[in-house]
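Student: the following comprises the amino acid sequence and a computationally predicted model.
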Amino acid sequence: MNELIRRTAAELAAAIARGEVSAEEVTRAHLERIAAVDGTIHAFLHVDGDGALAAARAVDAKRAAGEPLGPLAGVPLALKDVFTTKGMPTTCGSRILQGWIPPYDATVVRKLRDADIVILGKTNMDEFAMGSSTENSAYGPTRNPWDTSRIPGGSSGGSAAAVAAFEAPLAIGTDTGGSIRQPAAVTGIVGTKPTYGGVSRYGLVAFSSSLDQAGPFARTVLDAALLHAAIAGHDPKDSTSIDAPVPDVVAAARHGDVRGMRIGVVKELDGEGYDPGVRRCFRDAVELLAALGADVGEVSCPHFDYALAAYYLIAPSECSSNLARFDAMRYGLRIGDDGTRSAEEVMALTRAAGFGAEVKRRIMIGTYALSSGYYDAYYGSAQKVRTLICRDFEAAFQRFDVLVSPTTPTTAFPLGERVDDPLKMYLADLDTIPTNLAGNAAMSVPIGRSPDDGLPVGLQIMAPAMADDRLYRVGSALEAAYRERHGRLLIDELATASAEEGR
Amino acid sequence: MPRLTRDDVAHLARLSRLALSDDELDHLAGQLDVIINAVARVSEVATPDVPPTSHPLPLTNVFRDDEVHPSLPVADVLAAAPAVEQQRFKVPRILEEE
Amino acid sequence: MTAQTVAGAPTAPLLDFDDAVAAYEPVFGLETHVELSTRSKMFCGCATTFGAEPNTQVCPVCLGLPGSLPVANRAAVEATIRIGLALHCTIAPWCRFARKNYFYPDMPKNFQISQYDEPLCTDGYLDVEVDDRVFRIGIERVHLEEDTGKSLHVGGATGRIHGADYSLVDYNRAGIPLVEIVTKPVTGTGRLAPAVARAYVTELREVMRALGVSDVRMEQGSLRCDVNLSLHPVGSTTWGTRSETKNVNSLRSVERAVRYEIQRQAAVLHAGGRVVQETRHFHEDSGVTTPGRSKEQAEDYRYFPEPDLVPLAPDAAWVEELRATLPELPLDRRRRLRDAWGVSATEMQAALNAGAVDLIEATVAAGAPPRDAYKWWMGELARRANESGRELAELPITPADVAALCELVASGRLTDKLARDVLDGVLAGEGTPHEVVAARGLEVVSDDAALQRAVDDAIAAHPDVAEKIRGGKVAAAGVLVGAVMKSTGGRADAAKVRDLILRTLGTNS
């Protein structure tokens, strides 16, 4: 294991800036790592080795010319395959987009390029971000680096696995109901869902427009903050983008301190259905926060119990409309066009062949929830639950600066376990969904390994909209305490194990 | 809550432009019914006095100025098209007029 | 009752129009789509130029590419509010765009961004005049949406959608802002229904022009109509089943489609049948409507609030700012001009239909007496425009030219006949009326000595006629007048010539 790949993004950027190592060497080390392990992990759908090396060399040239470099210049990154990339395939994990090369870059991609971050390639995901295990990819599942018989979480499982497997120090994911936080939790890394509107959605292929949000994955809280700062900010191309200064997440990450902070433990996000090991780790972490000087209390958010149901109406409704454009007319797959069939038939054949089972399920649920006669009972009611959940958050944030819960009720479950039991699969997002419905910010930070199975457990921190910095304050404090207690970060245990394996 | 029948599911498939096989319809009918019944509980708390939320942020009036920006080169527009003729997207015959 | 056969269309029996409106009362409604003339599209920065090469005015947004997002064009929203204000509507203080979901190849996202239960403008009216009667047409709603692409149907016999082998789609039009204006049901128009429908669309077009929000060129599709119509027996209070006729895309077609549907539905009812609720298509060539493909069930558009766009919330200050920009409404203006010009409502309506109101007004402003300005534009020039298949405004003559012409006639320097010759010159591009008069030497002969010589010559050339006149047959003077006119190339004032002849021959009549 090349030592370069174990370094944090902040360290790599500093070393590149100082000329201790070239961006090209850093990129090469990561490409080698991908070549070595990705056959097993399958985090990537597309590796752009030439493009990445060219981008790295451009950074080296910039440095040589004495031009100023950004705080993450030359650092490699894995990009979820749900963002459009000019000249690079974008499949969203779906067969229907196989081979599609977009003619434009997503705003997030443009910002990454502007920051001289090196895009290694596109990562695997549940088809159109619908799933919690990355098993819904048309291109095969991604495996959890902690235990390759288990899921890496989803839908951003490829991005999470790439970071956990040291294939990249940074990755971008998207989170509609927990798709950044849950994979981060089960792979032992940091993942943030920024405030809705904090990061542009332009070029993010929509699953559920009112819930989708892009965010960072990293192995440290500071790295996540640096990446968060690089991609956040107002974008006139996204009407739902917030036109206000980005909270100073980097400063917050550098000053992890929870003394005097009021931290609320959400009563409803615990109990039945939670692994004992997860509960144990969570309780320990809450005690740790108290020990660090936080003012910890319990808070009830009674409508959170309805969040999952509301989510599985709102997200499918929006997706049934968002995914209508995949119709074989302008791009992507076209099936059955034999010169006699109508456009209508070709659309239906293509969509049936091009979409996987989960996508079809959700399209049909959404179609049902929006149809006349059912709208009020389903979609309409779900939108009201959304109001109630927002009110629960508002009340809770009157009393507390942040709220905490386990990120997901269990550790990584075995591949295949929930594939044909949609309801059970949906439970993975139980804790993360309320934040998406309210448009707030949340983060998952690693807090240890479950005593049950030795797999990583994450703690979720939830903050009000545009108070993303609070996540980093708390996350950074927990991370520092963990490091102090164990002498290393959780993910370093995997690095050690991996290094031993490789010997 | 009414049960979702196989016919309902077939109708949804038509509305969603999904040409599903009989096996798929059978399989989905069972699953969708379970899911729909599980999510129907939203109506328990969705009382008439609660206003719906469609947008998580309280933003209004976001506009762009009426300015022309360059369009895509036509080659890029048509690059991914399954079929092209006369610089247009060639599509199978269209059944009905809207 | 006559059964009318139309090539390519199923035969529909029709009842005589007079019989139809004697027995049945029509109720109709109009849905009008107006393409706004913004520089850029509704939700992206692509240009809106008509007639551009296919697919050259598209981008990720209007092509509906995955990942793209809409951002609303402020000018389009403002135009819609101004339309709503001009139609006396209430402007919603808060409303949302909605997605209308249906699959169709010319719609890139397979949903149309539109407005559903929260239109921007509601509950207004537009007054229209027909035969000196004022009809107040209620406006149900005015909302903003995006246009679709355009399909070219290839193969098959007709080049129409039906029977085509495949289609070719151009998305240049996709995403152009479209305002939909829906009337309330219009009742009590009886036999005037076709004329009222036409007058409404005409008036609406005038309002759009006055606001400067649309080109309203029906032939380019920037104003398109759907006509809903039902009949019920005169005296009944229960309305009948309505048909919805699409594709009614000229003023004349609006009138014809209403008339046709009245006759068709009356025939159905008269024969004891029931009118089917259906969508029908109007055929410009034959003037008939034919049923669309029948659908198993009503389309379910699954409207829901567009999550990619934030709500519109026009505050009072903004609305008042826009209200202050409203021009004088066309009907008010025409009433004012009618009084000023001394023309009847019918004459004004004719001027409106001919597109002459602005031209006459400008001509009057350039100094012409209103009656003369009206006469030239609605007479000679309208005839020439009609002959050459052009709009009045397209003729190469300015209101200033027409005013100059009026002045030349009024001052006696041109006769009406000479003035028409001058008009020929102006329209042929020979310059202003004064330049044409000079170049062609068309001015009336005002030199009395020259005219006297011409009269003397004519008398000398026709001694027999002169003798008759001297003998009291004054009517014979016409021959000599004709001779003088001929010798002067028509440049003499005939009345004056006649006077001179009679005076010369000593028979002052």
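Tutor: Yes, it's here.
Student: quick check: closest non-adjacent residue to residue 49.
Tutor: This is for chain A. The shortest distance from A:G49 to any residue other than its chain neighbours is 5.3 Å, reached at A:L31 (C-beta to C-beta, 6 or more residues apart in numbering or on different chains). All C-beta spots, glycine's among them, are computed from the backbone N, C-alpha and C.
Student: switch to chain C, that's the one I care about
Tutor: Per C-beta to C-beta, 6+ apart, closest to C:T49 is C:Q57, 6.7 Å.
Student: ok, back up a step: the residue nearest to A:G49: how many residues sit nearby?
Tutor: A count of neighbours around A:L31, defined by other C-beta atoms under 10 Å in any protein chain shown, yields 22.
Student: ok, C:A461 next?
Tutor: Around C:A461 there are 12 residues (other C-beta under 10 Å).
Student: and the pLDDT at it?
Tutor: The model reports C:A461 with a pLDDT of 89.
Student: so who does it touch?
Tutor: C:A483 (C-beta atoms under 8 Å, 6 or more residues apart in numbering or on different chains).
Student: from C:G489, how far off is it?
Tutor: 17 Å (C-beta to C-beta, to the nearest Å).
Student: and the nearest residue to A:T84 once chain neighbours are set aside, what is it in contact with?
Tutor: In this structure, A:T84 finds its nearest non-sequential neighbour in A:P102, 3.8 Å apart by C-beta to C-beta, 6+ apart. In this structure, A:P102 makes contact with A:T84, A:T85, A:K86, A:T90, A:G203, C:P60, C:L65, C:P66, C:G67, judged by C-beta under 8 Å, 6+ apart.
Student: in chain B, which residue sits furthest out from the middle?
Tutor: Going by C-alpha atoms, centre = their mean, the residue of chain B most distant from its centre is B:E67, 30.5 Å out.
Student: so that residue lies in a strand, does it not?
Tutor: No: read with DSSP: H, G, I helix; E, B strand; the rest coil, B:E67 is coil and lies in no strand.
Student: and B:R88, how far is that from C:L152?
Tutor: For B:R88, the distance to C:L152 - C-beta to C-beta - is 7 Å.
Student: ok, now which ones touch B:T47?
Tutor: A:K384.
Student: so it, which of the three states?
Tutor: coil.
Student: can you pull the contacts of whatever residue of chain C ends up closest to chain B?
Tutor: At 3.0 Å from chain B, C:G45 is the closest residue in chain C, using C-beta to the nearest C-beta. Listed by C-beta under 8 Å, 6+ apart, the contact set of C:G45 reads B:R64, B:E67, B:V68, B:H69, B:P70, C:C59.
Student: in chain B, where is pLDDT below threshold?
Tutor: B:1-2, B:96-98 (pLDDT under 70).
Student: at 90 what do you get?
Tutor: Scanning chain B for pLDDT under 90 picks out B:1-5, B:95-98.
Student: tell me how many other residues crowd whichever residue of it sits closest to chain C.
Tutor: Residue nearest to chain C within chain B: B:H69 (3.0 Å; C-beta to the nearest C-beta). By other C-beta under 10 Å, 12 other residues sit near B:H69.
Student: quick check: phi and psi at it.
Tutor: With angles defined as degrees, to the nearest 10, B:H69 sits at phi -120, psi 160.
Student: can you check C:V213 too?
Tutor: Dihedral angles for C:V213 - degrees, to the nearest 10 - are phi -100, psi -10.
Student: which residues of the stretch 251-400 of chain C fall in strands?
Tutor: Using DSSP state E, counting those that start in this stretch, the strands of the stretch 251-400 of chain C run over C:278-282, C:289-291, C:304-305.
Student: which one of those lies nearest to C:W341?
Tutor: strand C:278-282 (36.1 Å; C-beta to C-beta).
Student: quick one: strands adjacent to that closest one?
Tutor: Strand pairing for strand C:278-282, using DSSP bridges, gives strand C:243-248 (parallel), strand C:289-291 (antiparallel).
Student: re the thing from before, need the residues touching each of B:R88 and C:L152.
Tutor: With C-beta under 8 Å, 6+ apart as the test, B:R88 and C:L152 both reach C:L168, C:V169, C:D170.
Student: of those residues, buried ones?
Tutor: By neighbour count, with 16 or more other C-beta atoms under 10 Å in any protein chain shown, the shared contacts of B:R88 and C:L152 hold C:L168, C:V169, C:D170 as buried.
Student: and chain B, which of those contact it?
Tutor: C:L168, C:V169, C:D170 (C-beta under 8 Å from any C-beta of the partner chain).
Student: which member of the residues you listed is positioned nearest A:A348?
Tutor: The closest of those, once distances to A:A348 are taken by C-beta to C-beta, is C:V169, at 18.4 Å.
Student: my guess is that closest one is in a strand, correct?
Tutor: Yes: with three-state DSSP as the criterion, C:V169 is part of a strand.
Student: from the chain's centroid, how far away is stretch C:414-430?
Tutor: Averaging C-alpha positions (C-alpha atoms, centre = their mean, to the nearest Å) puts stretch C:414-430 28 Å from its chain's average.
Student: residues of it that come out buried?
Tutor: C:L414, C:T415, C:L418, C:A419, C:D421, C:V422, C:L423, C:G425, C:V426, C:L427.
Student: dump these to TSV, plus secondary structure and pLDDT.
Tutor: Shown next, in TSV, are the buried residues of stretch C:414-430 (DSSP: H, G, I helix; E, B strand; the rest coil; pLDDT from 0 to 100):
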residue	secondary structure	pLDDT
C:L414	coil	84
C:T415	coil	83
C:L418	helix	85
C:A419	helix	89
C:D421	helix	88
C:V422	helix	90
C:L423	helix	91
C:G425	helix	91
C:V426	helix	93
C:L427	helix	93
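Student: near chain A, which residues of chain C are found?
Tutor: C:60, C:63-72, C:99, C:101, C:103, C:105, C:108-111, C:165-167, C:169, C:300, C:302-304, C:307-310.
Student: filter the residues you listed down to just the buried residues.
Tutor: C:60, C:63-72, C:99, C:101, C:103, C:105, C:108-111, C:166-167, C:169, C:300, C:302-304, C:307-310.
Student: what about the residue in the stretch 401-503 of chain A that chain C sits nearest to, how many neighbours?
Tutor: Residue nearest to chain C within the stretch 401-503 of chain A: A:G439 (11.3 Å; C-beta to the nearest C-beta). A:G439 has 26 neighbours, counted by other C-beta under 10 Å.
Student: you'd agree it is up against A:G197?
Tutor: Yes: under the criterion of C-beta atoms under 8 Å, A:G439 makes contact with A:G197 at 7.1 Å.
Student: what residues do those two have in common as contacts?
Tutor: Contacts common to A:G439 and A:G197, judged by C-beta under 8 Å, 6+ apart, are A:A465, B:P56, B:L57.
Student: of those residues, closest to C:G273?
Tutor: B:P56 (53.8 Å).
Student: make sure I have this right: the closest one is in a strand.
Tutor: No: under three-state DSSP, B:P56 sits outside any strand and is assigned coil.
Student: please name the spatially closest residue to it (chain neighbours excluded).
Tutor: In space, B:P56 is closest to A:G439, 2.7 Å off (C-beta to C-beta, 6+ apart).
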